[in-house]
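Student: structure for the following, please:
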Amino acid sequence: MESLIPVINKLQEVFNAVGSDVIQLPQIVVIGTQSSGKSSVLENLVGKDFLPRGAGVVTRRPLVLQLIYTAKDDREIRQHECGVEAEEWGRFLHNKIKVFTDFDEIREEIERETERMSGVNKGICPEPISLKIFSPRVLTLTLVDLPGITKVPVGDQPEDIEFQIRDLCLKYIGNPNSIILAVTAANTDLATSEALKLAREVDPDGHRTLAVVTKLDLMDHGTDAVDALCGRIIPVKLGIVGVVNRSQADINHKKGIQDALRDEASFLQKRYPSLASRSGTPYLARTLNRLLMHHIRDCLPELKTRVNVMAAQFQQLLNSFGDEVADKPQLLLQIITKFAAAYCNTIEGTAKNIETTELCGGARICYIFHEAFGRTLKLVDPLGGLTELDILTAIRNATGPRPALFVPEVSFELLVKRQIRRLEEPGLRCIELVHEELQRIIQHCGTQQEMLRFPKLHERIVDVITSLLRRRLPVTNQMVENLVAIELAYINTKHPDFEEAKLIYRGLTDELCDGPDHRKTAIQNAAAAAATNKQVKIGSTHSSALSSGDGLSDSAWNLGNWSRIGAKGDAATESNTHLIAAQPGMSQPPSAPGSVTQSPSRRGINLLDEVPTVPSGRRLTPHEQRECVIIEKLIRSYFLIVRKNIQDSVPKAIMHFLVNYVKDNLQSELVSHLYKQEEIDKLLDESEQIAARRREASEMLMALQKASLIISEIRETHLW
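Tutor: Coordinates of the predicted model:
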């Protein structure tokens, strides 16, 4: 089991070399309040003065101290480690070249390194200093000396220095593989020990806490530490060890460590004879060595598993970064082919990495076609923007000077074309949405590791595909515009689905074929209405001008109306309309200023007194309403036919002219623009970030592989 601690030291050295603490190694962590004697305990264990000493805060950075036992006659390891014939020496991790044989130089180097990172005025730094000491006078141990716990900031220490030191201590003792060495001065009450309080927070059961009571020789006269050392005040499972440190006067007078150890043994035999065999620095060293070896034995299986798992993870990470580029042209073709395949697979829905949070690629294009575009077309009202007056005006404009017996077909075509043009905008918007999704697929495929590794190549690929999509956009827009123009070019009233026209024609035919009885009844109804209107005119005081002025008798008006009744069937309303102008209170055409009223036979009749538009407030006649209803039904029926055609043909045009064209020509487009000898080196210029991460992953993988090799050298039989 003696070989276990050197194994951990090797592992510590391996992981310190790569600057990582991903593996929590077994080690002894020394904590205590300021000036409690932590550094003195470490010096007694080493047997040399090598730590900075003084009043106040002295240890201001964590010190990882690896004590390695080296036999005096082991010249091979001495030659291998330092290259000089020395009995004791030290080496720092931050200065691997230099070997320190003078321990005063080691102290000076610790002070310089501390001031370099922490400043010269009591500041602390969490970055550790790693020191290895080879000596025949030490037992193999790994210890971490931490800054002393303090309460009040001094010098340039921040106001939260207490919490900084506390967090630093918790970071190290929180490692479940560490042994906590809680140092407390004997001249203070053990119940007020900050070190034991911190240790109990992370190790409430006390399975890995060992207490050390220092300065036994400084207790008040008449008192002793027997109760504390026996665990009667605060029990500690791993035990409580008492030691005697050198005083500051001893240090100033250059009292040696060996002399101090002899004095310590003499003091313990005199004051604590029953506890002398379980106290003192030599017993503490043996206890720490034994505890550390057993602790390493318990942690080693889990440590081995952890190292192997992390090695596999970093191997996978390194593979994702790719190897060093050897054949750049071949690599470029591979990346282009892989990207084009990923782009097409995303559209087809066969990509390896399928999104689960949102629609993308072909699924989103399908959604645009059948949900967004279809819903937008359904929201387009076939009669949107058309009023009854617009329809009536179109009908009148289509008939010219001749009154129409039937609804003119020209007005239907004019109005339905106006409505069909409204389908062009949703089709063009559908193209924009598909174009945006094709652009978005580039970014989705750009998350591949090769794209992150070569950012310049990624930028050029984005530019080439964006240019290709931009070139296809006008062609696709033109095709959709042509689809609408095709529908506008020929209004097919004989369309098989245009049933409304057949129904209207059949209704008019049935009406005309009802026979003379129907016409006779209509004429009688019109005559009765005309008689009623005539009585109204006779009773009017303003009827003389109309009855005698223009040479038209009532019978002539009625005959004209009857003839219209025979054709349309609404003579009564027409007669009323003609008579409204003669009613009292209705406005007449104004005469010129100063003119004398003339008889109707001598003055001109102003029939177009204003622009011939349909008054917005006038109610439509039944004949006009029927014409509007017929036109509305025809427009709605034919518009639905055209909308169905557009809803079917626009997605097909977009797929053919945009989506499928990009899929078929993507790879050739990328090769023709990117595979150029003069640009290959520039395109495959690797990202500095990826290169740095590859180096870090490679170094960590090598460290883990080396650690696995070191652990595998330990046979299971050596553990017991």
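Student: secondary structure element for E481?
Tutor: For E481, the enclosing helix or strand under DSSP states H and E is helix 455-489.
Student: okay, buried residues for that helix please.
Tutor: Buried positions in helix 455-489, judged by neighbour count with 16 or more other C-beta atoms under 10 Å: 455, 457-458, 460-461, 464-465, 468-469, 472-473, 476-477, 479-480, 483-484, 487-488. Every residue, glycine included, has its C-beta placed from N, CA and C.
Student: what of stretch 170-184?
Tutor: Within stretch 170-184, the residues that count as buried by 16+ other C-beta under 10 Å are 172-173, 175, 177-184.
Student: what's near enough to touch the residue lying closest to K417 once chain neighbours are set aside?
Tutor: Distance criterion C-beta to C-beta, 6 or more residues apart in numbering; nearest residue to K417, sequence neighbours excluded, is L488 at 5.2 Å. For L488, the set of contacting residues under the criterion of C-beta atoms under 8 Å, 6 or more residues apart in numbering consists of 417, 420-421.
Student: shaky segments in the stretch 201-350 of the chain?
Tutor: Across the stretch 201-350 of the chain, the stretches falling below the confidence threshold (pLDDT under 70) are 322-326.
Student: could you report the neighbour count for V309?
Tutor: When neighbours are defined as other C-beta atoms under 10 Å, V309 has 11 of them.
Student: pretty sure it is in a strand, no?
Tutor: No: the secondary structure assignment for V309 gives helix rather than a strand, going by DSSP: H, G, I helix; E, B strand; the rest coil.
Student: who wins on neighbours among the contacts of L488?
Tutor: With neighbours taken as other C-beta under 10 Å, the top of those is I420, carrying 21 neighbours.
Student: do you know how far it is from V629?
Tutor: Summarising the geometry, the distance separating I420 from V629, computed by C-beta to C-beta, to the nearest Å, is 20 Å.
Student: please apply the same query to K122.
Tutor: Distance, K122 to V629, by C-beta to C-beta: 98 Å.
Student: the two: who's more crowded?
Tutor: Applying other C-beta under 10 Å to K122 and V629 shows that K122 carries more neighbours, namely 17 against 14.
Student: what about G231, how many residues close to it?
Tutor: G231 is surrounded by 14 other residues when neighbours are defined as other C-beta under 10 Å.
Student: in contact with the nearest residue to L51 once chain neighbours are set aside, which residues?
Tutor: Leaving out its chain neighbours, the residue that sits closest to L51 by C-beta to C-beta, 6+ apart is S39, at 4.4 Å. If you count contacts by C-beta under 8 Å, 6+ apart, S39 has them with 51-53, 58-59, 145.
Student: for T114, what are its contacts?
Tutor: When the contact criterion is C-beta under 8 Å, 6+ apart, the partners of T114 are 52, 60-61, 125, 129.
Student: so it: helix, strand or coil?
Tutor: helix.
Student: how close does it sit to L469?
Tutor: Using C-beta to C-beta, T114 is found at 61 Å from L469.
Student: one more: K633?
Tutor: For K633, the distance to L469 - C-beta to C-beta - is 43 Å.
Student: and if you look at P204?
Tutor: Relative to L469, P204 is positioned 64 Å away (C-beta to C-beta).
Student: can you give me the end-to-end distance of stretch 33-49?
Tutor: Across stretch 33-49, the straight-line distance between its terminal residues is 21 Å, by C-alpha to C-alpha, to the nearest Å.
Student: show me where the stretch 51-200 of the chain has strands.
Tutor: Listed in chain order, the strands of the stretch 51-200 of the chain (DSSP state E, counting those that start in this stretch) span 63-69, 89-92, 129-135, 141-145, 178-185.
Student: and the direction of the fourth one versus that of strand 63-69, what angle?
Tutor: Between the axes of strand 141-145 and strand 63-69, defined by axes from the mean of the first three to the mean of the last three C-alpha atoms, to 10 degrees, the angle is 160 degrees.
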